[in-house]
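**Student:** model this:
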Amino acid sequence: MRKVLVVGAGQSGLQLAVGLRAKGYDVTLMSNRTADEIRTGRVMSTQVMFDTALRHERDLGLDFWARHAPRIQGLGVSVAGPDGARAVDWLGRLKAYAQSVDQRVKMAGWLEAFVQQGGQLVVHSASVADLDYLSRAYDLVLVAAGKGELVSMFGRDEARSPYGSPQRALAVSYVHGLAPRPEHPGTEAVRCNLVPGVGELFVMPTLTTSGRADILFWEGVPGGPLDVFRGVNDPAEHLALTLDLMKAFTPWEYARAAKAELTDAGGTLAGRYAPAVRNPVGRLPGGGAVLGVADVVVTNDPITGQGANSAAKCAASYSSSILMHGDKPFDEAWMKATFDKFWFTTGKPVTQWTNAMLAPPPAHVLELIGAGGRYQEVADRFANGFDNPADFDAFFYDPQDAADYLAEVAGAEAAAEAGAAAGSGSVGASGAAAVPGSRSVPGSGAASAPAGGPAAE
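**Tutor:** Below you'll find the predicted structure:
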């Protein structure tokens, strides 16, 4: 029986540990906290899992909360205009539902499931020296703890890391009492609110320790009016700041927050970090090699909501490579090939999209965002790109690709309307009315450039 050490009990570490244990591997998992400590601690992230990531969880029997978590059916984009109203406002429909579960709930539950299936749990904050000693007893060491000393083993890949500093200041509040969007009262949806030159507010339905809730997540341009949470330690003050900023920059979201209150004393989080891609193989002082997992080696800003999704996809990809390798040694060549498989299928498309959304959007991107209010096809394709970021390569990055795509959509729309008119004897309505409340101003629909793009992590 092959022995594997997994360091880190987050999305990727636990998914790998549970999956390999189910396949008969002797798996030891190192976590710096017990399940109870995780469950009663501070929130760790924002997260919305889209269909592909959820299927990886279902494949392992880890979809414990499918009947209890809100079923997210859509993803909406709103752009604030210069007068404070919404210049663009649309809702894209997801092909399959998405889901958000507070990681305090999820990771605690998965950790207990791992122990119940016979996995060995070691509660300890691992150091490089610990791994240097322990690695001799294992066939493979996987490092899935994305913070602290262990990350220093993995050198930064400068060619793949264009940003050397944090691109957003992050502030999270988990709340009860948020009213639904009045235009879609029966639809659970992620809301991406873009405030040009300032930042973004994301609102996400979730399941937390006390039941259904919503996540209010500000991403602020550093040094701008949203960058005000540094040093704020009181949860009530944190929420008050969050709501004040909503009133100032997204009044349509503030209007439904009259009864918003924190879910618990641990329901806030603030910070910032620089996006980076790192070399996948870490070298221990004694010469041994370890393989970095998920955000240990590919750390993206949460503006596109891909952190937990990429972690799930990375765990599935790595697990497949491990199982296919059989009894052969897990040498450095295998480690690099295993990472490359993940990088080219998931890591690279996600990094390209995220880095693009952090930058001021060019004119063709503004046109695409505005077109979501005119054509349901565009809104739907943008929304489903959160599940498959590789699709953005076909229409998002290149101005000509974007123009060709919008011309194709407009042509199909015109042909459909002409067909409907011929059949009914009257002119049909625009496809933008397919979702009540969708609208945009003429042209691109954005009076000035949003600071970046949507996220739900």
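
**Student:** Surely residue 228 is in a strand?
**Tutor:** No. Counting by DSSP: H, G, I helix; E, B strand; the rest coil, one finds residue 228 to be coil, located in no strand.

**Student:** begin at 751 from here
**Tutor:** In the new count, where the first residue is 751, that last one comes out as residue 978.

**Student:** Just give the closest residue to it, not the sequence neighbours.
**Tutor:** Closest residue in space to residue 978, ignoring its immediate chain neighbours: residue 991 at 6.0 Å, by Cβ to Cβ, 6 or more residues apart in numbering. Yep, even glycine has a C-beta here, placed from its N, CA and C like the rest.

**Student:** what does residue 815 give?
**Tutor:** Per Cβ to Cβ, 6+ apart, closest to residue 815 is residue 851, 5.0 Å.

**Student:** next one: stretch 909-929 to chain centre, how far?
**Tutor:** Mean-position distance between stretch 909-929 and its chain equals 10 Å (Cα atoms, centre = their mean, to the nearest Å).

**Student:** returning to that earlier point: distance-wise, check the residue nearest to residue 815 relative to residue 950.
**Tutor:** 22 Å (Cβ to Cβ, to the nearest Å).

**Student:** got a pLDDT number for the residue nearest to residue 978?
**Tutor:** pLDDT recorded at residue 991 is 98.

**Student:** That one: which element?
**Tutor:** Element membership for residue 991 (DSSP states H and E) is helix 985-999.

**Student:** burial measure for the residue nearest to residue 978, as a count.
**Tutor:** Per other Cβ atoms under 10 Å, the neighbour tally for residue 991 reads 19.

**Student:** For the longest helix seen in the chain, name the packing helices and strands.
**Tutor:** Counting residues, the longest helix in the chain under DSSP state H turns out to be helix 1149-1174. Helix 1149-1174 is packed against helix 1113-1121, helix 1126-1134, with contacts defined by 3 or more Cβ pairs under 8 Å, 6 or more residues apart in numbering; DSSP states H and E.

**Student:** Next, format those as JSON lines and append mean neighbour count and mean pLDDT.
**Tutor:** Formatted as JSON lines, these follow (neighbours: other Cβ atoms under 10 Å; pLDDT from 0 to 100):
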{"stretch": "helix 1113-1121", "mean neighbour count": "21", "mean pLDDT": "98"}
{"stretch": "helix 1126-1134", "mean neighbour count": "23", "mean pLDDT": "98"}
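
**Student:** between the ones you listed, which gets nearest to residue 755?
**Tutor:** For residue 755, the closest of the helices and strands packed on helix 1149-1174 is helix 1126-1134, at 37.1 Å, according to Cβ to Cβ.

**Student:** That closest one packs against which elements?
**Tutor:** Packing partners of helix 1126-1134 (3+ Cβ pairs under 8 Å, 6+ apart): strand 822-830, strand 836-848, helix 1113-1121, helix 1149-1174.

**Student:** Tell me which residues of the helix or strand following the second one come out buried.
**Tutor:** The one in question is strand 836-848. As assigned by DSSP H and E, the chain's next helix or strand after strand 836-848 is helix 853-866. For helix 853-866, burial by neighbour count (16 or more other Cβ atoms under 10 Å) applies to 853-861, 863-864.

**Student:** Could I get the residues you listed in TSV, plus columns for pLDDT and distance to residue 935?
**Tutor:** Putting the buried residues of helix 853-866 into TSV (pLDDT from 0 to 100; distance: Cβ to Cβ, whole Å) gives the following:
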residue	pLDDT	distance to residue 935
853	98	28
854	98	29
855	98	26
856	98	28
857	98	32
858	98	33
859	98	31
860	98	33
861	98	37
863	98	36
864	98	40
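
**Student:** For residue 940, I want the exact helix or strand it lies within.
**Tutor:** In this assignment (DSSP H and E), residue 940 forms part of strand 939-945.

**Student:** What strands line up against that strand, and which way round?
**Tutor:** Take DSSP bridges as the rule and strand 939-945 pairs in its sheet with strand 822-830 (parallel), strand 949-958 (antiparallel).

**Student:** can you give me the angle the shortest one makes with helix 1113-1121?
**Tutor:** Strand 822-830 and helix 1113-1121 are oriented at 120 degrees to each other (axes from the mean of the first three to the mean of the last three Cα atoms, to 10 degrees).

**Student:** tell me the mean pLDDT over strand 822-830?
**Tutor:** Here the average pLDDT along strand 822-830 is 98.

**Student:** right, so the helices and strands packed on helix 1126-1134: which one is the most enclosed?
**Tutor:** Per-stretch averages of neighbours, counted by mean count of other Cβ atoms under 10 Å, single out strand 822-830 among the helices and strands packed on helix 1126-1134, with a mean of 25.

**Student:** what angle sits between it and strand 836-848?
**Tutor:** 160 degrees.

**Student:** surely residue 1155 meets residue 1141?
**Tutor:** No. Taking contacts as Cβ atoms under 8 Å, residue 1155 lies outside contact range of residue 1141: 11.0 Å.

**Student:** need the helix or strand of the protein with the lowest average pLDDT.
**Tutor:** Lowest mean confidence among the helices and strands of the chain (mean pLDDT, DSSP states H and E): strand 1189-1190, at a mean of 48.

**Student:** Could you report the neighbour count for residue 1012?
**Tutor:** Look at residue 1012: counted by other Cβ under 10 Å, it has 19 neighbours.

**Student:** and residue 1143, helix, strand or coil?
**Tutor:** The three-state label given to residue 1143 by three-state DSSP is helix.

**Student:** who are the neighbours in contact with it?
**Tutor:** Residue 1143 makes contact with 1099, 1102, according to Cβ atoms under 8 Å, 6 or more residues apart in numbering.

**Student:** From residue 970, how far off is it?
**Tutor:** 29 Å.

**Student:** same check, this time on residue 1081
**Tutor:** Where residue 970 is concerned, residue 1081 sits at a distance of 44 Å (Cβ to Cβ).

**Student:** now do residue 808
**Tutor:** For residue 808, the distance to residue 970 equals 36 Å [Cβ to Cβ].

**Student:** Repeat that for residue 996.
**Tutor:** When residue 996 is compared with residue 970 (using Cβ to Cβ), they lie 13 Å apart.
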